[in-house]
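Participant: Need coordinates for the following:
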Amino acid sequence: MIPAIRGATPGAPPSTPAILTLMWTASPVGPAAADTAPTVYVIEAGTARGASNVAVVETEGTEVTYSTPMPNGTFYVRVKARNACGTSPSSPEAVTRVTGSAAGGKPNPVILLETVRTVRERLGGTNFIRVMGQVRNGWRASEASFIEVTATFEGPDGKAVGTKATYVNGSSRRLKSSRIVTDTVLEPTATGCFFMFADFPATAQVPSVGLVVTSSASYETEPLRGRVRVESAILQQADGFGDLTVSGQMKNSGDSLTYFNEIWTEAKDAEGKVLECDATYVKGSSVALEAGIATRTGLDPAEVGVFRNSTEAVLASVNGLRHWINWDERDRRRPAAATPLYRALRQRAAAVLETDEQTSSPQERVDVRDALRREVQSIEHRLTSP
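Facilitator: Residues are numbered from 1 along each chain as shown. The predicted structure follows:
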């Protein structure tokens, strides 16, 4: 098992936030289980009794434990059960006093959750290792972006035999300086997922993996103007190999064109471990962007497009799914400060990510996203540095 490791912000004193873990007893279920069973729990936290000015968050399904990084302070926490019929009264209020932690705001107290899964496979003369997990931004934290998870792969003697890093997948917002849209943002209380790959010769022994999560300096962002939603119920099916496929429709419910519309799928098993963290683009209209970049993922206002994501998660092992939508849109203020490398990587990403999953591997999709994000972070850093 890989333990959660506290985060640090480059260029600032190490941030070692306290981690608050809440646990509660599941709500009793009556004779009509389908009517009385909760579908989610709602956690409310405030700085005074009965207040909810710190956080109001929903659990991922019916899990009865929740962990979050916390800044210094005294907090009052309650839990409610919720289903389609309504919300229960609050649990008895718990009080926690946090000291010796990171201050609220900057640096961002992001943490790696204990949902990490490591999968090892040997094919021919190569050992393949896949690492999946989640990162959470804290209550009363500042917005975090370009969060990296770095894996150190260790041999039997405890010495490093390789490292690999990847960005956490979050929501989309526009960077204020470069005007480029990044999909790496975790707002306070938000959770993102990651998926990384590494390979070693079959003769190499790699029994352990250590993970560290780091958050960038807090770049200022602003929300996108568009609105995109799932139009119908998402269909979950098994393909011919028993793996999960997710399909449905996506609609532009705003008043302006959106493109690079995609839906993320995060799957977890009965133990809460991550099985999948991948996205697929919608099949929409053709859009010609600047510098010769073209995409078939556009949605005009009121337009509906279809999507289908073939995952590598075995459907029989899936116990919970989470989805969110990201997109890009034209800036009404000024063109983005794109570099030639950014344009080339954006074109490459469009070519790889818009193909069917059968023609691009999960590792190829992760690598092309990370390369593009790394260049976007570099552009924003140059524009915001003194």
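Participant: Tell me what Leu112 is bridged to.
Facilitator: Judged by DSSP bridges, the bridge partners of Leu112 are Val135.
Participant: From what I see, it and Val149 are in contact.
Facilitator: Yes - the criterion here is C-beta atoms under 8 Å, and Leu112 meets it with Val149 at 6.9 Å. Bear in mind the C-beta positions are built from the backbone N, C-alpha and C, glycine included.
Participant: Overlap of the contact sets of the two?
Facilitator: Taking C-beta atoms under 8 Å, 6 or more residues apart in numbering as the contact rule, Leu112 and Val149 both touch 133, 135, 211-213.
Participant: Make sure Ser232 is indeed in a strand.
Facilitator: No - using DSSP: H, G, I helix; E, B strand; the rest coil, the secondary structure at Ser232 is coil, not a strand.
Participant: which residues sit in contact with it?
Facilitator: Contacts for Ser232 (C-beta under 8 Å, 6+ apart) come out as 248-249.
Participant: Surely Trp327 and Trp264 touch.
Facilitator: No - at 11.5 Å, Trp327 and Trp264 do not qualify as touching, with contact defined as C-beta under 8 Å.
Participant: So for the two, which residue has more residues nearby?
Facilitator: Higher neighbour count among Trp327 and Trp264: Trp327, with 26 against 21, using other C-beta atoms under 10 Å.
Participant: what kind of secondary structure is that one in?
Facilitator: Per three-state DSSP, Trp327 ends up strand.
Participant: Thr99 and Phe153, how far apart?
Facilitator: Distance from Thr99 to Phe153, counting by C-beta to C-beta, to the nearest Å: 36 Å.
Participant: next one: Ala160
Facilitator: According to C-beta to C-beta, Ala160 and Phe153 sit 7 Å apart.
Participant: Which one's more surrounded, Leu112 and Val149?
Facilitator: Neighbours were counted for Leu112 and for Val149 using other C-beta under 10 Å; Val149 has more, 27 against 23.
Participant: residues in contact with whichever strand or helix holds the more buried one?
Facilitator: Secondary-structure assignment from DSSP states H and E places Val149 in strand 148-154. With contact meaning C-beta under 8 Å, 6+ apart, strand 148-154 is reached by 112, 129, 131, 133, 135, 160-168, 194, 196, 198, 200, 206-214, 216.
Participant: what stretches of the protein score poorly on pLDDT?
Facilitator: Across the chain, the ranges flagged by pLDDT under 70 are 1-16, 29-36, 102-108, 217, 356-358.
Participant: circling back to that earlier point, of Ala160 and Phe153, which one has the most company?
Facilitator: Using other C-beta under 10 Å as the criterion, Ala160 and Phe153 rank with Phe153 on top: 21 against 10.
Participant: hey, what's the more buried one bridged with?
Facilitator: Per DSSP bridges, the residues bridged to Phe153 are Gly162, Val209.
Participant: Distance check, it against Gln134.
Facilitator: 20 Å.
Participant: Could you do Asp199 as well?
Facilitator: Asp199 is 23 Å from Gln134, by C-beta to C-beta.
Participant: And those two? Which one has more around it.
Facilitator: Set side by side, Asp199 and Gln134 show more neighbours around Gln134, with 26 against 16, by other C-beta under 10 Å.
Participant: Contact partners for the more buried one?
Facilitator: By C-beta under 8 Å, 6+ apart, the contact list for Gln134 reads 112-113, 115-116, 191-194, 266, 274.
Participant: Can you get me a residue count around Arg179?
Facilitator: Taking other C-beta under 10 Å as the criterion, the count of residues near Arg179 is 18.
Participant: Excluding residues flanking it in the chain, which one is nearest it?
Facilitator: Counting by C-beta to C-beta, 6 or more residues apart in numbering, Ala336 is the residue found nearest to Arg179 once chain neighbours are left out, at 4.3 Å.
Participant: Can you tell me the strand partners of the helix or strand containing Thr265 and which way each runs?
Facilitator: According to DSSP H and E, Thr265 maps onto strand 259-268. Applying DSSP bridges, strand 259-268 is found paired with strand 274-281 (antiparallel), strand 320-328 (antiparallel).
Participant: State the three-state secondary structure for Val376.
Facilitator: Put simply, Val376 is helix when judged by three-state DSSP.
Participant: could the shared contacts of Leu112 and Val149 go into TSV alongside secondary structure, neighbour count and distance to Leu175?
Facilitator: Formatted as TSV, the shared contacts of Leu112 and Val149 follow (DSSP: H, G, I helix; E, B strand; the rest coil; neighbours: other C-beta atoms under 10 Å; distance: C-beta to C-beta, whole Å):
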residue	secondary structure	neighbour count	distance to Leu175
Gly133	strand	26	25
Val135	strand	27	20
Leu211	strand	20	27
Val212	strand	16	25
Val213	strand	22	21
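Participant: can you put these in TSV and add distance to Gln347?
Facilitator: Formatted as TSV, the shared contacts of Leu112 and Val149 follow (distance: C-beta to C-beta, whole Å):
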residue	distance to Gln347
Gly133	30
Val135	29
Leu211	32
Val212	32
Val213	30
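Participant: What is the neighbour count of Arg130?
Facilitator: Number of residues near Arg130 (other C-beta under 10 Å) recorded here: 18.
Participant: Please report how far it lies from Phe75.
Facilitator: Distance of Arg130 to Phe75, computed by C-beta to C-beta: 37 Å.
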